[in-house]
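**Q** Starting from these lines, generate the structure:
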Amino acid sequence: MKAILQRVLSASVTVDQELVSSIGKGILVLAAVAPGDTEKEADALAAKVLKLRLWDDDTGGRWKKNVQDINGEVLCVSQFTLLASTKKGSKPDFHGAMGGDEAKSLYQYFYRRVQEGYAADKVKDGVFQAMMQVALVNDGPVTLEVSASPPKEQDQKKPKTTEPPK
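**A** This is a model prediction of the structure:
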């Protein structure tokens with residue numbers, strides 16, 4: 001899974017000219033589900049969203065408080081286009097995003113995990129696969145890319161073998 005986190009003063013989602021969700025100070029999460037992602041990646045990403053320290057403390061200490069510490073809100077929005085490839089030609093290729101019902105199920109699991117890790121009334125959602133208008137007032141601006149990817153075979157460490165001294 002991949003997400004863009006934006007520290008915001010406010011954010012909202014509108015669908016068909018109807019306000020669906022809005023938050024005040026907090027985090028806007030644009031989240032995408034990739035093929036091979038599982039609940040393990042969703043759990044890791046949900047924890048990262050809630051634990052990342054994006055705000056200063058009261059004494060001016062930089063990057064000391066997370067969204068829970070400031071009693072902020074979280075707006076989660078599904079965003080499959082984050083996984084687009086633009087390597088060839090001028091048309092984005094979306095094969096890097098998980099499709100349909102499977103993606104919806106895992107995204108909704110991620111959203112529930114963010115709610116369960118914080119407070120359900122502090123975590124809002126967009127509308128999966130809808131054409132959404134997302135408005136925000138970025139605070140800082142602070143924008144981070146965060147990934148929780150399944151391990152690739154070539155990335156897994158092989159056990160080390162030690163040779164006896166000669």
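
**Q** Please, where are all the helices along the protein?
**A** Using DSSP state H, the helices of the chain run over 39-51, 100-117.

**Q** Distance check, D69 against T38.
**A** Note on D69: its distance to T38, by C-beta to C-beta, to the nearest Å, is 29 Å. For glycine as for every other residue, the C-beta is placed from the backbone atoms N, C-alpha and C.

**Q** how about S22, what does it touch?
**A** S22 makes contacts with 10-13, 75, 124, as judged by C-beta atoms under 8 Å, 6 or more residues apart in numbering.

**Q** beta partners of L75?
**A** Beta bridges link L75 to L28, K124 when assigned by DSSP bridges.

**Q** Pretty sure it sits against L30.
**A** No - using C-beta atoms under 8 Å, L75 makes no contact with L30, being 9.5 Å away.

**Q** If you count surrounding residues, which of those two has more?
**A** L75 (26 against 21; other C-beta atoms under 10 Å).

**Q** Could I get the contacting residues of the more buried one?
**A** Neighbour list for L75: 8, 11-13, 21-23, 26-29, 123-126 [criterion: C-beta under 8 Å, 6+ apart].
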